[in-house]
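> Build me a structure from this.
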Amino acid sequence: MTSTVSDVTGVRGRIAVRHWHAPAPRYLVALAHGIAEHSGRYEHIGQYLAADGAEVAAPDHWGHGRSDGQPGLVDDVEALVTDLGTVAGQLKADHAELPLVVIGHSLGGIVATRFVQRNPGRAAALVLSGPVIGGNDLFLGLLDLPEIPDIPIDPTMLSRDPAVGEAYAADPLVYHGPLLRQTLQGVQTAVDAIAEGGSLGDLPTLWLHGELDPLAPLAETTRAFDIIGGSALQTKVYPGAMHEIFNETNAADVLNDINEFLHAVLG
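Numbering: from 1, shown residues only. From the prediction side, this is the model:
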């Protein structure tokens, strides 16, 4: 049940897509990863979901991983949303009768949220992990400076498990450079679009967050959900957890919570 990789044509070039296949799929998952990383860091997530009966596809965003583009550049989030839609469309083309679940982490949470805002009724459920939908005042405040400091993502911010940060720092497919002005502006534009994009309505939504997340601060994300949170929003905050809750010391609890949510929603 290990992953395979294929290519699709995205808005701006070739997009590498990682797949996990279920022998007898019961639902579909389009998974969007976070900034600077790639879909290969979700191998354990894809395997877990496929074992549960999900047909999973996760693109490397343009400018990330094995896809085309300038490494680390996220100047147009809406293009990433369209690429995720292309991947979801391929899943549906092969399994038209199965419900689609969209899962997004961090920047991927922005992409997933914009996907459902732009495509009402297309997804049966939405799962968001540490979504940066409210921005990060510390990082986005750098836009006010004449020059952006050379500040890459600190691997120690990801998890309480030091092995996670060490593996991240050693991963050649991770972008280890500084945050670019175009990227910060692209994120700010997307955060504004989410705030103006309308409520999630009655879409079953599970929002999962680390209490001590320094990259998607809980307070900013809460303010965003105060604006867009719909009638079917469920929230779980993990005490002491940091940004990558899929890679946290309590990752098994996180996966179990997703499993229970999906089984309740999809039947």
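> all strands for this protein, in order.
4-9, 14-20, 27-32, 54-59, 100-105, 125-129, 205-210, 233-238 (DSSP state E).
> now the chain, which segments are flagged as low pLDDT?
1 (pLDDT under 70).
> If we go by neighbour counts, what in stretch 34-48 is buried?
Buried residues in stretch 34-48, counted by 16 or more other CB atoms under 10 Å: 34-42, 45-46, 48. In this view, the C-beta of every residue, glycine as well, is placed from N, C-alpha and C.
> How about stretch 211-225?
Buried-residue list, stretch 211-225, by 16+ other CB under 10 Å: 212-218, 220-221, 224-225.
> list the contacts for the residue nearest to Glu78 when sequence neighbours are not counted?
Spatial nearest neighbour of Glu78, chain neighbours left out: Arg114 (6.9 Å); criterion: CB to CB, 6 or more residues apart in numbering. Listed by CB atoms under 8 Å, 6 or more residues apart in numbering, the contact set of Arg114 reads 77-78, 81, 190, 193-194, 197.
> Of those residues, select the buried ones using a PyMOL command.
Buried subset of those, written as a PyMOL selection, criterion 16+ other CB under 10 Å:
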select buried, resi 77+81+190+193+194+197
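> Specify which member of the contacts of Arg114 is nearest to Leu91.
In terms of CB to CB, no member of those lies closer to Leu91 than Val81, at 15.7 Å.
> What sits closest to Gly229 if chain neighbours are left out?
Gly229's closest residue in space is Leu200 (CB to CB, 6+ apart), at 6.4 Å.
> Look up how far Leu173 lies from that neighbour.
Counting by CB to CB, to the nearest Å, the gap from Leu200 to Leu173 is 32 Å.
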